[in-house]
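Visitor: dropping a prediction and its sequence here:
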Amino acid sequence: MCLSRNPLLRCCMDNSFGMILFPGMRSLAYLAAFERAAVHPVRVVMLSHSILHFQDICAESMRYHYDTSYFDVTETAEKYCKRHGIPLDTVGANNINDDELLQYLDGFDLETWIFTGGGILRDKILSSGKRFIHVHPGRLPAYRGSTTFYYSLLEDGTLYGTAFFMGAELDDGPILEEAAFRVNIYLNQDQSHFVDAILDPYVRSMVLERLLRRWHCKLSPKPQKNISAPQCKPYFVMHPFLRLVAIKRLNDSYSKKLPEGIFVVEDPGE
């Protein structure tokens, strides 16, 4: 098969890409990744959504200076796009599968879009001729599903991120970039938003940044490994009690003798 005719597997012949911005901390972390890599989308389309617990997250960020260590939670798509002269459009859709968004995407020849949330892509949008890059907070294919970073932290203290072209199955599609992380952070009781609003988006943004830094080179997506069904079961949203257990494990592993933060330690691929 000629790779150039396959929208999922072909190498990046046109380096242009757009961003489907579902308002939230993940999108803000991705805007920071664009800045760090100095690689930017040519167009941004923003869905309709309100950021949950925004004021509380801002207050926590000010107390612990998340803006200097991770990303600025007060950044906006409007400020970012104006700064870089990027067209910013808004649609009334609040779901990634909304017909209004699909009609918008059909209006442009732009093929590649960064996906930042808004639901699970269904057949209609997946068959639109576009390709969507998603950054998943887990090692694929072993950790498919929801809140997988909690499960890996709980099970063996690891944290991974994987960028891939989205396919029809859950967290399935050719892998573009992946990385493993070491986390050395102690969380206080008043940092209740850190894991979901900062840690998860920041890890994803670091994987995205690594991909963007070689964006203008030849990209070579690789198929996900075939592993047995018991090792590839989907993960579901973790129970709040188990989330607390995972955070406790994170705190228990904290060392004052080591630098504090989130660090890339390896490429998990062979």
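Guide: Nice, thanks for sending it over. Numbering: from 1, shown residues only.

Visitor: hey, let's count contacts and neighbours off CA atoms from now on
Guide: Fine.

Visitor: what residues does stretch 161-170 touch?
Guide: Contact with stretch 161-170 is made by 8, 121-123, 126, 131-140, 144-145, 172-180, 203-204, 207-208, 211, 221, as judged by C-alpha atoms under 8 Å, 6 or more residues apart in numbering.

Visitor: enumerate every residue touching the residue lying closest to residue 165 once chain neighbours are set aside.
Guide: Leaving out its chain neighbours, the residue that sits closest to residue 165 by C-alpha to C-alpha, 6 or more residues apart in numbering is residue 133, at 4.7 Å. The neighbourhood of residue 133, defined by C-alpha under 8 Å, 6+ apart, consists of 112-115, 163-166.

Visitor: now rank those residues by neighbours and give me the top one.
Guide: Within the contacts of residue 133, most neighbours by other C-alpha atoms under 10 Å means residue 163, with 28 neighbours.

Visitor: for it, grab phi and psi.
Guide: phi -100, psi 130 (degrees, to the nearest 10).

Visitor: bridged to it, which residues?
Guide: Here residue 163 sits in beta bridges with residue 135, residue 177, going by DSSP bridges.

Visitor: and residue 123, how many neighbours?
Guide: Residue 123 has 12 neighbouring residues, counting by other C-alpha under 10 Å.

Visitor: so which elements touch the worst-scoring helix or strand of the chain on mean pLDDT?
Guide: Here the helix or strand of the chain ranked lowest by mean pLDDT, DSSP states H and E is strand 261-266, holding a mean of 88. Applying 3 or more C-alpha pairs under 8 Å, 6 or more residues apart in numbering; DSSP states H and E, we find strand 261-266 packed against strand 175-184.

Visitor: and the strand it packs on, what does it pack against?
Guide: Strand 175-184 makes packing contacts with strand 159-165, helix 200-212, strand 261-266 when contacts are defined by 3+ C-alpha pairs under 8 Å, 6+ apart.
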